[in-house]
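Colleague: quick one: sequence and predicted model below, then my questions.
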Amino acid sequence: MLKHDSIEDKEEYKEIFQKVKIEVEKILNDKGVKRGLGYIHIFESHKKKVLKEKYGIEWKTTQEMNPDIRID
C-alpha cells in the first residue's frame with residue numbers, strides 16, 4: 001500500500017485539498033494535459049505548487065512519500 005502525506009487526513013485541510021484538486025484538474029485540462037502515463041507527476045507537481053503558494057501548506061507528493069516505488 002502506498003504511503004501518503006498525513007496532512008491530507010487532517011479535518012481542517014480536507015476542504016482545501018478538495019478545492020485544490022478541482023483547481024489543478026481545471027488548470028491541466030485548460031493546458032490540454034491528458035490523463036495517462038505520467039499524469040500523476042504533472043498533477044501532483046501542480047498540486048504541491050498551489051498548496052504552497054495559495055495556502056502555505058507544505059505537502060509531500062506520492063513519489064516523495066514512496067521513494068523506493070516507481071509510480072506512474
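Modeller: Looks like it arrived, so ask away.
Colleague: quick one: which helix or strand includes the residue positioned nearest the centre of the chain?
Modeller: By CA atoms, centre = their mean, the chain has its centre lying nearest to residue 44, at 3.4 Å. Using DSSP states H and E, residue 44 falls within helix 39-55.
Colleague: how far away from the center of its chain is that helix?
Modeller: 5 Å (CA atoms, centre = their mean, to the nearest Å).
Colleague: now stretch 46-60
Modeller: Relative to its chain's centre, stretch 46-60 lies at 8 Å (CA atoms, centre = their mean).
Colleague: list the buried residues for it?
Modeller: Buried residues in stretch 46-60, counted by 16 or more other CB atoms under 10 Å: 46-48, 50-51, 57, 59-60. Backbone N, C-alpha and C define where each C-beta goes, glycine included.
Colleague: turn these into CSV, including distance to residue 29 and pLDDT.
Modeller: Listed next are the buried residues of stretch 46-60 as CSV, based on distance: CB to CB, whole Å; pLDDT from 0 to 100:
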residue, distance to residue 29, pLDDT
46, 11, 98
47, 14, 98
48, 18, 98
50, 15, 98
51, 19, 98
57, 23, 98
59, 21, 98
60, 25, 98
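Colleague: from those residues, which is closest to residue 8?
Modeller: Among the buried residues of stretch 46-60, residue 59 lies closest to residue 8 (CB to CB), at 7.6 Å.
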